[in-house]
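Enquirer: compute the structure for the input listed below.
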Amino acid sequence: MQIFEQTGAYLRGHFRLTSGLHSPGYLQCAKVLQYPAIAERLGAELAARLRTIMKEPADIVVAPAMGGLIIGHEVARALGVPFVFTERDPGTREMVLRRGFALQQGAKAVVIEDVITTGGSSREVVAIIRALGARAIATGSIMDRSGGAADVGVPRVALATLSVKTYGEGDCPMCAAGQSVTKPGSRPS
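Expert: Next up is the predicted model:
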């Protein structure tokens with residue numbers, strides 16, 4: 001959290017998260033990961049944590065674009081394995097592997113994200129890995145906003161775990177107070 005505070009990456013206000021939930025706090029990992037030395041250090045730390053929960057070494061790291069790109073690459077570097085990413089198909093808006101990326105049958109994959117709130121993106125990537133005949137063996141993130149509650153279907157680690165309040169749009173006290181909402185993430189509402 002100290003790095004997030006120092007880089008101005010922990011934002012306070014009224015935010016609509018990728019999950020659709022509203023929150024008074026937002027973690028803008030891109031502001032932290034813009035510094036290559038910090039990104040490399042966080043990737044190495046996350047790789048070290050992953051090694052404590054993986055029963056076997058990974059063959060590849062897979063991350064959802066956009067948020068997982070930089071940290072996924074750094075974790076792959078630290079693990080000494082290739083890195084690929086998923087992205088939303090422009091036509092269907094479904095998460096897919098594109099750009100000629102592929103997974104070998106039976107490959108052991110680790111899913112990396114910058115921030116987990118509900119775990120939805122990680123679950124999507126785990127499902128893609130399984131559908132392609134590979135195995136998701138662990139997931140990791142820099143930050144876990146769920147307080148440790150997010151279930152992605154495989155063992156998971158984070159460098160920091162927070163319990164940041166979230167609200168459905170109909171239950172949001174900031175909406176009720178008339179505060180305007182900001183959507184800072186990369187995915188459209």
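Enquirer: which residues touch the spatially most central residue of the chain?
Expert: Geometric centre of the chain, nearest residue: E113, 2.2 Å, by CA atoms, centre = their mean. The contact partners of E113, by CB atoms under 8 Å, 6 or more residues apart in numbering, come to 63-64, 67-68, 71-72, 121-122, 139-142. For the C-beta atoms, the positions are set from N, CA and C on the backbone; glycine is no exception.
Enquirer: so which helix or strand takes in it?
Expert: strand 108-116 (DSSP states H and E).
Enquirer: give me the mean pLDDT for that strand.
Expert: The pLDDT scores in strand 108-116 average 96.
Enquirer: who does that strand pair up with?
Expert: Strand 108-116 sits in its sheet next to strand 60-64 (parallel), strand 135-144 (parallel), going by DSSP bridges.
Enquirer: with just CA atoms, put the first one into CSV.
Expert: Just to be clear, that refers to strand 60-64. Output of strand 60-64 as CSV, limited to C-alpha atoms (Å, rounded to 0.1, in the frame of the first residue of the first chain):
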residue,chain,number,x,y,z
ILE,A,60,3.2,-20.4,-19.0
VAL,A,61,1.7,-17.2,-17.5
VAL,A,62,-1.7,-16.0,-18.9
ALA,A,63,-3.2,-12.6,-18.0
PRO,A,64,-6.3,-10.7,-19.0
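Enquirer: strands of this protein, start to end?
Expert: 10-16, 22-27, 60-64, 83-88, 95-97, 108-116, 135-144, 156-161 (DSSP state E).
Enquirer: so where's this structure uncertain?
Expert: 185-189 (pLDDT under 70).
Enquirer: any idea how far V115 is from the closest residue to A39 other than its chain neighbours?
Expert: The shortest distance from A39 to any non-neighbouring residue, by CB to CB, 6 or more residues apart in numbering, is to L33 (4.6 Å). As defined by CB to CB, to the nearest Å, L33 lies at a distance of 11 Å from V115.
Enquirer: just checking, E56 touches I137?
Expert: Yes: with contact defined as CB atoms under 8 Å, E56 counts as touching I137 (6.6 Å).
Enquirer: which neighbours do the two share?
Expert: K108.
Enquirer: burial measure for the residue nearest to L162 when sequence neighbours are not counted, as a count.
Expert: Nearest non-adjacent residue to L162, counting by CB to CB, 6+ apart: R145, 5.5 Å away. Neighbour count of R145, defined by other CB atoms under 10 Å: 26.
Enquirer: wait, R145 sits on A158?
Expert: No: R145 is not in contact with A158 according to CB under 8 Å; the separation is 9.2 Å.
Enquirer: anything in contact with each of the two?
Expert: I116.
Enquirer: got the end-to-end distance for stretch 103-111?
Expert: Its first and final residues considered, stretch 103-111 spans 13 Å by CA to CA, to the nearest Å.
Enquirer: who touches it?
Expert: 50, 54, 56-64, 68, 75, 79, 84, 97, 122, 125-126, 129, 132-140, 152, 154.
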